[in-house]
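> how would this look folded up:
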Amino acid sequence: MSAPSPRTAPVLRLADVHRVHGDGEAAVHALRGVSFTAYAGELVAVMGPSGSGKSTLLTIAGGLDKPSSGSVEVEGTDLVGLGQAERARMRRTSVGYVFQGFNLVPALTAAENVALPRELDGVRSGRARRDALAALEEVGIADLADRFPDDMSGGQQQRVAIARAIVGERRLVLADEPTGALDTETGEEILRLLRARCDAGAAGVLVTHEARHAAWADRVVFLRDGVVVDESGSAPVDDLLEAGHA
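Residues are numbered from 1 along each chain as shown. This is a model prediction of the structure:
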């Protein structure tokens, strides 16, 4: 597993991020002053109990939500200062998001699903399809380019989702429990793909509750009650889990 140079600028940087839902006594503090970085070539696992803020961190990192305070930068661009349309463009060009539930469009083929963000960004359909086929080739299912999601296994659909997340050479890949709906063997294949993409130069953030999945990462960040309570780049994941629950 690769380790980033200390002089490398982070692809993703969260600084003192707070996220509060609601007001007054009903307010829920999902994140409380979280600072977090991910570098090119690095896969970072984010762990913690349910309700710890893991998915909130990921949606804010990907520009799907905005923090109540703090800053979020992707390759030096402050997402907080962008409008909704600009954040959507960043997601199409710089940030790939892999969901547990795949989130594919059933009426589109695998290639069409993968090409969609490129076409939405104004890329001509022919070029978008070539980019999609290259991404499908990278995840090992180019032969399924013209198949519809309902005609694929869960593992194949998740490979399509990963291809969609990396098409156009996005530098940041965010994955929220991407193996949760898959069997053990297929889940390991998906993690191997994410690891390979990071080894090729992307930064990756993986939300998971499985220690064996976090073992694929270069670093593990543990959240509890919206706060980073521990972080490790070398200690065994089991030790980090024990510290996080202490």
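
> count of neighbours near Arg130?
Using other CB atoms under 10 Å, Arg130 is surrounded by 15 other residues. Bear in mind the C-beta positions are built from the backbone N, C-alpha and C, glycine included.

> what helix or strand does it sit in?
If you go by DSSP states H and E, Arg130 is part of helix 125-138.

> List of residues touching that helix?
Identification of contacts with helix 125-138 by CB atoms under 8 Å, 6 or more residues apart in numbering yields 110-112, 114-115, 118-119, 123, 142, 144-145, 159-160, 163-164, 166-168, 197.

> Ok, stretch 205-216 next?
1, 12, 38, 43-47, 54-55, 57-58, 61, 172-179, 187, 191-192, 194-195, 217, 220, 237-238, 241.

> Give the buried subset of those as a ChimeraX selection command.
In ChimeraX, this line selects whichever of these come out buried by 16 or more other CB atoms under 10 Å:
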select :12,38,43,44,45,46,47,54,55,57,58,61,172,173,174,175,176,177,178,179,187,191,194,195,217,220,237,241
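
> who's in contact with the residue positioned nearest the centre of the chain?
For the chain, Leu174 is the residue whose C-alpha lies nearest the centre (CA atoms, centre = their mean; 0.6 Å). Listed by CB under 8 Å, 6+ apart, the contact set of Leu174 reads Leu58, Ala61, Gly62, Val95, Gly96, Tyr97, Val98, Ala165, Gly204, Val205.

> could I get these as CSV with pLDDT, secondary structure and distance to Val34?
Shown next, in CSV, are the contacts of Leu174 (pLDDT from 0 to 100; DSSP: H, G, I helix; E, B strand; the rest coil; distance: CB to CB, whole Å):
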residue, pLDDT, secondary structure, distance to Val34
Leu58, 94, helix, 11
Ala61, 95, helix, 10
Gly62, 92, coil, 15
Val95, 93, strand, 18
Gly96, 92, strand, 21
Tyr97, 92, strand, 19
Val98, 91, strand, 21
Ala165, 92, helix, 23
Gly204, 96, strand, 18
Val205, 97, strand, 12
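
> mind checking the backbone torsions on Ala38?
Torsion angles at Ala38 (phi, psi; degrees, to the nearest 10) stand at phi -140, psi 130.

> can you pull the buried residues of stretch 216-231?
Within stretch 216-231, judged by 16+ other CB under 10 Å, the buried ones are 216-224, 226, 228-230.

> Among these, list the two that are farthest apart in space.
Trp216 and Gly226 (24.9 Å; CB to CB).

> Asp65: neighbour count?
So Asp65, with other CB under 10 Å, has 19 neighbours.

> With the one 5 residues further on instead?
By the measure other CB under 10 Å, the count of residues near Gly70 is 18.

> Excluding covalently adjacent residues, which one is nearest to it?
Spatially, and ignoring its direct neighbours in sequence, Gly70 is nearest to Val17 (3.6 Å; CB to CB, 6 or more residues apart in numbering).

> hmm, which helix or strand of the protein has the shakiest average pLDDT?
When the helices and strands of the chain are scored by mean pLDDT, DSSP states H and E, helix 237-245 comes last with a mean of 48.

> What helices and strands are in contact with whichever helix in the chain runs longest?
Counting residues, the longest helix found in the chain (DSSP state H) is helix 184-199. Applying 3 or more CB pairs under 8 Å, 6 or more residues apart in numbering; DSSP states H and E, one finds that helix 184-199 makes contact with strand 43-47, helix 154-166, strand 172-176, strand 203-207.

> pull the CA atoms of it into CSV?
C-alpha atoms of helix 184-199 as CSV (Å, rounded to 0.1, in the frame of the first residue of the first chain):
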residue,chain,number,x,y,z
THR,A,184,-17.8,-11.9,1.0
GLU,A,185,-15.8,-12.9,-2.1
THR,A,186,-17.4,-10.3,-4.3
GLY,A,187,-16.9,-7.6,-1.6
GLU,A,188,-13.2,-8.4,-1.6
GLU,A,189,-13.1,-7.9,-5.3
ILE,A,190,-14.7,-4.5,-5.0
LEU,A,191,-12.2,-3.5,-2.4
ARG,A,192,-9.4,-4.6,-4.6
LEU,A,193,-10.7,-2.4,-7.3
LEU,A,194,-10.8,0.6,-5.0
ARG,A,195,-7.3,-0.1,-3.7
ALA,A,196,-6.0,-0.4,-7.3
ARG,A,197,-7.6,3.0,-8.2
CYS,A,198,-5.8,4.6,-5.3
ASP,A,199,-2.5,3.0,-6.2
